[in-house]
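[1] here you go, sequence then predicted model.
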Amino acid sequence: MRIEFTKMHGLGNDFVVLDARLRPLPAMDAAFAAAVADRHTGIGCDQLILLEPSDAADFRMRIFNADGSEVEACGNATRAVGLLHGRAARIETLGGLLTSTPSETGISVEMGKPRFDWNAIPLGYAMDTHAMPVAWEELVNPIAVNVGNPHVIFFVSDPYAIDMARIGPMIETDQIFPERVNVNVAAITARDAMILRVWERGAGLTRACGTGACASAIGAMKRGLVDRRVTVSLPGGPLVIEWREDDEIVMSGPATEAFRGSFDPADFGIIA
Ligand SMILES: N[C@@H](CCC[C@H](N)C(=O)O)C(=O)O
């Protein structure tokens, strides 16, 4: 059996998109997703995205990290599937119902409302999420925000001076985060601009993280460091994040289709 896929990316955060909206695919599990995502023996991607029919929206998007874990939200993939859909779409995810719309800069997505309660992040025990009384080496007093998925944000003077490949996994898997966490290091450069690098839960260092940009922008706005519309520069390029007065987060930026192909799951050692 051959499965068709579309390889896409948002600012270099790359996806294998499988479309089961019209034709069912073999049941997806962590081993299947990890095998496809493997950059040496599979197709290779940061996230595998599975589109399915939905009763509540135009379609359902399921998100699997490269390590196989299924998660609630992915900002860049939401723009990518919005591009694939070709027109405005309501998209059901584990993190909530999202809306994507073609825009001048690519695709804009209404990402939902941020949550700040310690048990909504979630954290292992009650604490102030606005300035968490914790530290990992030089990374201190982060803010935690859930934008559909969990994020912790550290404000630093130079995100590129932080050894994220070493410290990222330590924080991601710390027991204070019972569902693990996406780790963001951000620097404010103006009232409307910031620089960001992200160690993603289940995927590692990526060139861009849409939910990371949303969470970091909201964290900076909460702390009064930036205005309510900010350009977030990631290694792969910029995203514009706005926190509207109605509490909705809007993310705008490009999405790209790279190529299409097909594979036989057996080639990757998957018994489908
Ligand atoms: N790359 C994504 C985020 C993907 C999920 C994340 N790694 C998690 O585990 O929550 C984005 O663009 O938001």
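    Perfect, I can see it now.

[2] can you tell me the element D55 falls in?
    Using DSSP states H and E, D55 sits in no helix or strand.

[3] give the contact list for the residue nearest to G75 when sequence neighbours are not counted.
    In space, and not counting its chain neighbours, G75 is closest to G210: 1.9 Å by CB to CB, 6 or more residues apart in numbering. (C-beta placed from N, C-alpha, C; glycine too.) G210 is in contact with 10, 13, 74-79, 109, 111, 239, 251, 253, counting by CB atoms under 8 Å, 6 or more residues apart in numbering.

[4] just give me the neighbour total for the closest residue to A20 other than its chain neighbours.
    Setting aside the residues directly before and after it, A20 is nearest to E52 in space (CB to CB, 6+ apart), at 5.1 Å. Neighbour count for E52, taken as other CB atoms under 10 Å: 16.

[5] tell me the buried residues in stretch 122-139?
    Under the neighbour-count criterion of 16 or more other CB atoms under 10 Å, stretch 122-139 has 122-123, 129, 132, 134, 139 buried.

[6] in PDB, list the C-alpha atoms belonging to it.
    C-alpha atoms of stretch 122-139 as PDB (Å, rounded to 0.1, in the frame of the first residue of the first chain):
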ATOM      1  CA  PRO A 122       0.300  22.400  33.400                       C
ATOM      2  CA  LEU A 123       2.800  22.600  36.300                       C
ATOM      3  CA  GLY A 124       3.400  19.900  38.900                       C
ATOM      4  CA  TYR A 125       2.300  22.100  41.800                       C
ATOM      5  CA  ALA A 126       0.800  25.600  42.400                       C
ATOM      6  CA  MET A 127       3.100  28.600  41.800                       C
ATOM      7  CA  ASP A 128       3.000  32.100  40.300                       C
ATOM      8  CA  THR A 129       3.300  31.500  36.500                       C
ATOM      9  CA  HIS A 130       4.000  35.100  35.800                       C
ATOM     10  CA  ALA A 131       7.500  34.900  37.400                       C
ATOM     11  CA  MET A 132       8.200  31.300  38.300                       C
ATOM     12  CA  PRO A 133      10.500  31.000  41.300                       C
ATOM     13  CA  VAL A 134      12.800  28.500  39.500                       C
ATOM     14  CA  ALA A 135      16.100  28.600  37.600                       C
ATOM     15  CA  TRP A 136      18.200  26.300  35.400                       C
ATOM     16  CA  GLU A 137      21.800  27.700  35.300                       C
ATOM     17  CA  GLU A 138      21.600  31.200  33.800                       C
ATOM     18  CA  LEU A 139      17.900  30.800  32.800                       C
END
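
[7] what stretches of the chain score poorly on pLDDT?
    272 (pLDDT under 70).

[8] the domain parsing of it - what is it?
    3-110+255-266, 114-247 (automatic domain parsing).

[9] gap between the two ends of stretch 98-113?
    This stretch, stretch 98-113, spans 10 Å end to end (CA to CA, to the nearest Å).

[10] and for stretch 117-129?
    7 Å.

[11] start the count at 46 instead of 1 going forward.
    Happy to do that; since the first residue is 46 now, the last one works out to stretch 162-174.

[12] pull the distance from that stretch to the chain's centre.
    Here the centre of mass of C-alpha atoms in stretch 162-174, compared against the chain's by CA atoms, centre = their mean, to the nearest Å, lies 20 Å away.

[13] what comes into contact with that stretch?
    Stretch 162-174 has contacts (CB under 8 Å, 6+ apart) with 160-161, 177-179, 188-191, 195, 220-224, 226.

[14] biggest helix in this structure, by residue count?
    helix 255-267 (DSSP state H).
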